[in-house]
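Visitor: Structure for this input, please:
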Amino acid sequence: MGIFKRLRDLTMASINDLLDKAEDPVKMLNQFLRDMEEDILEAESAVAKQIAIEKKFKQQADEAEDMVNRRTEQAMKALEQGNEELARKALQDKKEHQTRYDEMKRQYDIAKTNADQLRSQLAEMKDEFNKMKNKKDLLVARAEAAKAQKQINQAMTGFGTDNGAKGFDRMTEKVLQMEAEAEASKDIRSSSRTLDDELAQLDKSGGVDDELAALKAQMEAKKRQS
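Guide: Model (predicted):
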């Protein structure tokens, strides 16, 4: 039974070695459990066949035993009726059935021993599978936690480091430079005003003053008339 030997060979050391070499431990664990499930299915089929053999020999042994008992009773009955020859034939046939019974009983005992052993090994396989399945759930949770931690660590690499600080300093300097250039542009614009600009500005303010003075003169004239 190679499948049972394979189960014994799959020690935790070999499993850990496989996981160490795997790029994705979760996928490896799932594959390992699928392989175990296939082994269990094969083992169940083998156990079922052995149980069928056990039952077959049991049935044949029971039938031979029944014939031995029947021929014994028939020989006794023949003697009671004075038919010694018929009794002899019954006992001769009984001997043949006894031989068959002994052989079937021996084969049945062997088949039953093998079936019991396979049943025990199958139970061990299922128990081992359940243990591995429970351990797999724990390992998957640990693997996912480690993966999340690794992603966070990678995302935070460079977060708030010198590169980031230098980047902000460069942007700050750039903004200050832009503000200085804007202020300088304003000063240049003021210093470059022409004489016409200044006279135009005087004309604007002088016009308002003249109009205001005219209104005041009109008010004074109305007061004198009244």
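Visitor: ok, residue 119 - how many residues close by?
Guide: 14 (other CB atoms under 10 Å). C-beta: built from backbone N, CA, C; applies to glycine.
Visitor: In what element of secondary structure is it found?
Guide: helix 84-156 (DSSP states H and E).
Visitor: name the helices or strands packed onto that helix?
Guide: When contacts are defined as 3 or more CB pairs under 8 Å, 6 or more residues apart in numbering; DSSP states H and E, helix 84-156 sits against helix 2-9, helix 25-80.
Visitor: For stretch 154-164, the averaged confidence score.
Guide: Average pLDDT, stretch 154-164: 63.
Visitor: any weak-confidence spans in this structure?
Guide: For the chain, the stretches with pLDDT under 70 are 1-23, 157-165, 167, 187-208, 226.
Visitor: Report the central residue of it.
Guide: residue 26 (5.3 Å; CA atoms, centre = their mean).
Visitor: residues touching that residue, list them.
Guide: Residue 26 makes contacts with 139, 140, 143, 144, as judged by CB atoms under 8 Å, 6 or more residues apart in numbering.
Visitor: what about burial for those, which qualify?
Guide: 139, 143 (16 or more other CB atoms under 10 Å).
Visitor: wait, which of the contacts of residue 26 is closest to residue 120?
Guide: Set against residue 120, the nearest of those by CB to CB is residue 139 (28.1 Å).
Visitor: May I have the residues that are in contact with the closest one?
Guide: By CB under 8 Å, 6+ apart, the neighbours of residue 139 are 25, 26, 29.
Visitor: Just send those back as CSV, with distance to residue 101 too.
Guide: Formatted as CSV, the contacts of residue 139 follow (distance: CB to CB, whole Å):
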residue, distance to residue 101
25, 58
26, 58
29, 53
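Visitor: ok, so of the residues you listed, who is nearest residue 127?
Guide: residue 29 (18.0 Å).
Visitor: domain parsing for the protein?
Guide: Under the assignment automatic domain parsing, the domains of the chain span 2-156, 164-225.
Visitor: Residue 78: neighbour count?
Guide: 18.
Visitor: what's near enough to touch it?
Guide: 84, 86, 87, 90.
Visitor: and the nearest residue to residue 114 once chain neighbours are set aside, what is it in contact with?
Guide: Distances taken as CB to CB, 6 or more residues apart in numbering place residue 50 nearest to residue 114, at 5.5 Å, with adjacent residues excluded. The contact partners of residue 50, by CB under 8 Å, 6+ apart, come to 111, 114, 115, 118.
Visitor: is it true that the last one touches residue 46?
Guide: In this case it means residue 118. Yes. Using CB atoms under 8 Å, residue 118 is in contact with residue 46, at 6.4 Å.
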